[in-house]
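Novice: Please work out how this folds:
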Amino acid sequence: MTTQINSKYLENYAKAYSETVCERFFTDRQFISGQDIVGLTSSVQVNFFVIKHLFELWQKELQKLKSNPYFDYRDISVHEALTQFMNVLSRRIRVEKGHFQPLLEEAVKRAVELATDPVNYYQSEIDQAPAKQINEYLRENKKYYKWHAQLINFLIDKAGFGQEASDYKKAIAANYQAVKDQLESVNLLLATLGDVKAFDLDAYLQDDSQTKVEAVSPKTEEPTSFFENLEVVERKDAPRVEAETTSEPVASTPKSPSPSASGSIQVTQVRARFSTESYKGMKGIIGELSESLAINQRFMFRKELFEGNDDLLTHALKSLDACNSLEEAIELINHRYLPELGWEPNSEPVDEFLSLVYRRFLD
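Specialist: Residues are numbered from 1 along each chain as shown. Here you go, the predicted model:
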């Protein structure tokens, strides 16, 4: 039996999600800026899809100006002045709540579609690209793709690759088969939405023939624009939208081994291991994990434990901070991160991560 997409559920979810985010952000603000959008929620992909939409509107505005038949926009001085004007304009993003909420709704829908069906999403992106300019389109939009980007990165600037859209679509589907085991878990990606509202993957993907839900796929110099500089703009560690603690982020998280199962982390061993440590920096209670990581620790954990995904790392730290005890935190690690991300309990990165968790809940 084929998987049925519940589009009505997605529409209702995106609407509720965007209403919650806007309610919280615009409580004491009239406008949202580009920098605010980049760090708005815990889901980096949602944030960047909003920016992507604004970038598309920005390009349309530029084309509209150039289409005016009464002026010579090919003149070099006009071109330079217009480019400078548009770049300055891009750094003055200023959106009111009523105009921003529909953008956010659409971004949530696109993020869910990318998480659950990356092949179809990226193939639809190929359809949006101008004819014979697919490489340029992908290269220009690369900075906005935060999830499953492995499927299209290899196509960008690939020498000698065919220019037909059908060639790109076939390559994406074939590449999915080659790298699908390396892609981030659908559950973990959607868990980043749970800081605002839990996403029920079972309600969205309806398939009576399966009990485990998986991804659908495949079946002062001259100013530059805000969009060009996005790759160096980093979101704040703590998002503006605070987490709800009344429900699990994703309702369909697979059942994992219990903390007492073979290969899991034992609380007693964690206490015994770190209570006797005396090396510099180990002793003492630390504050919230999401605020306490050094730059080198964040880099190592992101690379070694969270598949290079800062979104997942940030969500994990916030989830652990919400725990009430070391026992609860270790149980969360055993049930979610060990099985989902394939952590090796005795590895050095896990050991250092556990040392911080231990200190977080040190009495």
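
Novice: could you pull out the strands for the stretch 201-350 of the chain?
Specialist: Secondary structure of the stretch 201-350 of the chain (DSSP state E, counting those that start in this stretch): strands at 205-206.

Novice: where does it have low pLDDT?
Specialist: 207-262, 276-285 (pLDDT under 70).

Novice: other SSEs contacting the biggest helix by length in the chain?
Specialist: Assignment by DSSP state H gives helix 44-66 as the longest helix of the chain. For helix 44-66, the packing partners by 3 or more Cβ pairs under 8 Å, 6 or more residues apart in numbering; DSSP states H and E come out as helix 34-38, helix 76-90, helix 97-116, helix 310-321. No exception for glycine: its C-beta is placed from N, CA and C like everyone else's.

Novice: looking at the ones you listed, which has the lowest confidence?
Specialist: The weakest mean pLDDT among the helices and strands packed on helix 44-66 belongs to helix 76-90, with a mean of 73.

Novice: Just want the angle from that one to helix 44-66.
Specialist: For helix 76-90 against helix 44-66, the angle by axes from the mean of the first three to the mean of the last three Cα atoms, to 10 degrees is 150 degrees.

Novice: any idea how far helix 76-90 is from the chain center?
Specialist: Its chain's C-alpha centre lies 32 Å from the corresponding centre of helix 76-90 when counted by Cα atoms, centre = their mean, to the nearest Å.

Novice: can you check stretch 321-341 too?
Specialist: Counting by Cα atoms, centre = their mean, stretch 321-341 comes out at 21 Å from the chain centroid.

Novice: With stretch 121-131 instead?
Specialist: Remark: stretch 121-131 is offset 21 Å from the chain centroid, using Cα atoms, centre = their mean.

Novice: For the residue of the chain most remote from its centre, grab phi and psi.
Specialist: Distance to the chain centre peaks in the chain at Y70, reaching 44.2 Å (criterion: Cα atoms, centre = their mean). Dihedral angles of Y70 (phi, psi; degrees, to the nearest 10) stand at phi -100, psi -10.

Novice: do the same with the one 4 residues further on
Specialist: According to degrees, to the nearest 10, the main-chain angles of R74 amount to phi -90, psi -10.

Novice: Touching, V267 and A329? I think so.
Specialist: No - using Cβ atoms under 8 Å as the test, V267 is too far from A329 to be in contact (9.0 Å).

Novice: quick one: Q128 and Y17, what's the gap?
Specialist: Spatial separation of Q128 from Y17 under the definition Cβ to Cβ, to the nearest Å is 24 Å.

Novice: That should have said K142, apologies.
Specialist: From K142 to Y17 the distance is 26 Å (Cβ to Cβ).

Novice: and what of S275?
Specialist: Taking Cβ to Cβ, one finds S275 at 42 Å from Y17.

Novice: ditto for K64
Specialist: 31 Å.

Novice: With neighbour numbers in mind, choose between those two.
Specialist: Y17 (25 against 9; other Cβ atoms under 10 Å).

Novice: check contacts around Y73.
Specialist: Counting by Cβ atoms under 8 Å, 6 or more residues apart in numbering, Y73 touches 65-66, 79, 82.

Novice: Put together CSV for the residues you listed, with neighbour count and distance to A203 on each row.
Specialist: Shown next, in CSV, are those (neighbours: other Cβ atoms under 10 Å; distance: Cβ to Cβ, whole Å):
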residue, neighbour count, distance to A203
L65, 13, 45
K66, 13, 46
H79, 13, 51
L82, 16, 48
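
Novice: hmm, back to that, okay, the helices and strands packed on helix 44-66, which one's buried deepest?
Specialist: Comparing these by mean neighbour count (mean count of other Cβ atoms under 10 Å), helix 310-321 ranks first with a mean of 23.
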